[in-house]
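**Q** 3D model of this:
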Amino acid sequence: MPDFLDSARRDIESRLSDLRDETKRLEKALDALRGQVTGSGRRRGRRTAGPGRPKGSGRKPANGRRRRRRGGTRSEQAHKLVQSNPGISIADLAKEMKITPNYLYRVMPELQKEGKVRKQGKGWHPSGS
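**A** Numbering: from 1, shown residues only. Prediction:
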């Protein structure tokens with residue numbers, strides 16, 4: 001009887017091992033069909049929600065709204081720097097804030113639309129109002 005149990009245990013372990021290998025192969029094939037695997041087998045880029053992916057696995061919150069940060073925002077920080085350094089350029093603002101200038105090229109025109117700052121040449125100045 002012990003030989004029968006050992007044989008049954010080995011058969012089950014062997015079958016489980018085969019199933020694990022098959023699962024890995026099927027997952028790779030599915031990823032390849034989704035276009036998410038490079039030739040080396042590595043995933044590339046961001047994956048979007050789709051079959052087999054839970055909703056909300058992307059970057060947007062479930063309710064579609066962005067979270068507001070507590071305390072001062074970077075646009076407020078930029079506005080304060082313009083007030084204390086009239087004529088400051090975006091490059092200098094970025095250095096002071098320890099960020100890349102790309103963000104400021106979007107934020108400064110928004111501050112200008114809000115009437116908080118005005119552009120004169122390459123420098124930014126506090127608005128007169």
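**Q** OK, contacts around A94?
**A** Residues in contact with A94, defined by C-beta atoms under 8 Å, 6 or more residues apart in numbering, are 100-101, 103-104. Glycine gets a C-beta too; all of them are placed from N, C-alpha and C.
**Q** Distance to R118 and neighbour count added to those, as TSV?
**A** As requested, those are arranged in TSV below (distance: C-beta to C-beta, whole Å; neighbours: other C-beta atoms under 10 Å):
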residue	distance to R118	neighbour count
T100	23	9
P101	19	15
Y103	20	16
L104	15	21
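**Q** Where do the helices of this structure begin and end?
**A** In the chain, the helices defined using DSSP state H lie at 2-33, 74-84, 90-97, 101-113.
**Q** want to throw these into JSON lines with mean pLDDT?
**A** JSON lines is the format used below for the helices of the chain (pLDDT from 0 to 100):
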{"stretch": "helix 2-33", "mean pLDDT": "87"}
{"stretch": "helix 74-84", "mean pLDDT": "91"}
{"stretch": "helix 90-97", "mean pLDDT": "92"}
{"stretch": "helix 101-113", "mean pLDDT": "90"}
